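Need a 3D model of the following:
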Amino acid sequence: MTQLRENSIYPTFRQVVNIFAIVGYVLAALVALGALFSLVKVNIGAGLLGLAFAIFLVVVTRMSKEMSLMVADASDALVRMAARTEER
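Here you go, the predicted model:
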């Protein structure tokens, strides 16, 4: 699998997926910081809701990244299989 990802036909797509994942994690961290501030200064309920949303963002970001990379892996594998079939 590592070799398939290193020699990917879609390196730009993989880089974009990684950039979006980083943005998602940064956004989740900012939401968590805001939630902690809210927990201390404003309202416990709003703070807890914010923390739950931050956790949700982390989970969605991770799942989206993995699903996107699985699509790229499947595409790479199919293209390689088609190339081997044509060689025969």
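
Contacts only, for the residue lying closest to Ile55 once chain neighbours are set aside.
If you skip the residues right next to it in sequence, Ile55 has Ala28 as its closest partner in space, 7.8 Å away by CB to CB, 6 or more residues apart in numbering. In short, each C-beta sits where N, CA and C put it, glycine included. Listed by CB atoms under 8 Å, 6 or more residues apart in numbering, the contact set of Ala28 reads Ala54, Ile55, Leu57, Val58, Thr61.

Can you report how many residues neighbour the fourth one?
What that stands for is Val58. In terms of burial, Val58 registers 17 neighbours under the definition other CB atoms under 10 Å.

Specify the local secondary structure of it.
At Val58, secondary structure determined by DSSP: H, G, I helix; E, B strand; the rest coil is helix.

Need the pLDDT of it.
On pLDDT, Val58 comes in at 98.

ok, the residue nearest to the spatial centre of the chain to Leu36 distance?
For the chain, the residue whose C-alpha lies nearest the mean C-alpha position (CA atoms, centre = their mean) is Lys65; its distance is 2.7 Å. Lys65 sits 25 Å away from Leu36 when distances are taken as CB to CB, to the nearest Å.
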